[in-house]
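In: Test case, fold it:
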Amino acid sequence: MNLVEKEKNPIAEQSRQWLMQSLLDLMSQKDYARITVTEIAEHALLSRRTFYRIFDSKEQVLQQCFLERCEDYITYFQKDRHYTLEQIVEVFFTFWEKQINFLRLLQRNHLFYYLLEEFNRALPVIYDTVRGNQNLYDSIFEKKAALLVSAGALWNLLSEWIQMENRPSPKEISKMMLQIIASNS
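Out: Next comes the predicted model:
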């Protein structure tokens, strides 16, 4: 699922990580649209040449940040194979709560939607990890529709939740979601 293959060379891998962190650091100081490749490389204390050995563009750096978080989310589930809906929602919010500064940075730079697009691409892998071989749907389209509806609800709620000063806990959010679903059934 990696856009940029992780390097076997530890120095190249470290440079890749530095460039990704550099972009995020710069995004906390100025708008993403105004950040240049030169600034990213210089902030990481690397050359433009090194940047272009690893990434093609600043967009690719950001996409790699997205992909790594989606991969981390998938592995978050691989600790246990049998999840209830309440547990899935709680894990979702617990995971993203640890990434709240990253999410707020994306919102401030009007890039939150791009993370959702990457997450949507990862949904089939997430589903297979969480639900395994359960055949809950009659067709591929029905499965995809269910995944997109679920993801849309979770992401819209997440978008509001990360802006709240006194956020409910992931456990409270998961209970609330079940109550909402039950009251609308």
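In: centre of the chain versus the worst-scoring helix or strand of the chain on mean pLDDT, how much separation?
Out: The helix or strand of the chain with the lowest confidence, counting by mean pLDDT, DSSP states H and E, is helix 112-131 at a mean of 82. When distances are taken as Cα atoms, centre = their mean, to the nearest Å, helix 112-131 is centred 8 Å away from the chain's centroid.
In: Which is the succeeding secondary structure element to that helix?
Out: Next in sequence after helix 112-131, counting helices and strands by DSSP states H and E, comes helix 140-161.
In: buried sites along that following helix?
Out: The neighbour-count criterion (16 or more other Cβ atoms under 10 Å) identifies 143, 147, 150-151, 154-155, 157-158, 161 as the buried residues of helix 140-161. Backbone N, C-alpha and C define where each C-beta goes, glycine included.
In: Just flag the most distant two among those.
Out: The largest separation in the buried residues of helix 140-161, counting by Cβ to Cβ, is between 143 and 161 at 26.4 Å.
In: Next, count neighbours for residue 60.
Out: A count of neighbours around residue 60, defined by other Cβ atoms under 10 Å, yields 14.
In: Let's verify it: helix, strand, or coil?
Out: Residue 60 carries the three-state label helix when classified by DSSP: H, G, I helix; E, B strand; the rest coil.
In: Ok, residue 86 next?
Out: Assignment for residue 86 (three-state DSSP): helix.
In: what about it, distance to residue 172?
Out: 11 Å (Cβ to Cβ, to the nearest Å).
In: Looking at these two, which one has more neighbours?
Out: Neighbours per residue (other Cβ under 10 Å) separate residue 86 from residue 172, with residue 86 holding more: 15 against 12.
In: how near is that one to residue 149?
Out: In this view, residue 86 and residue 149 are 17 Å apart by Cβ to Cβ.
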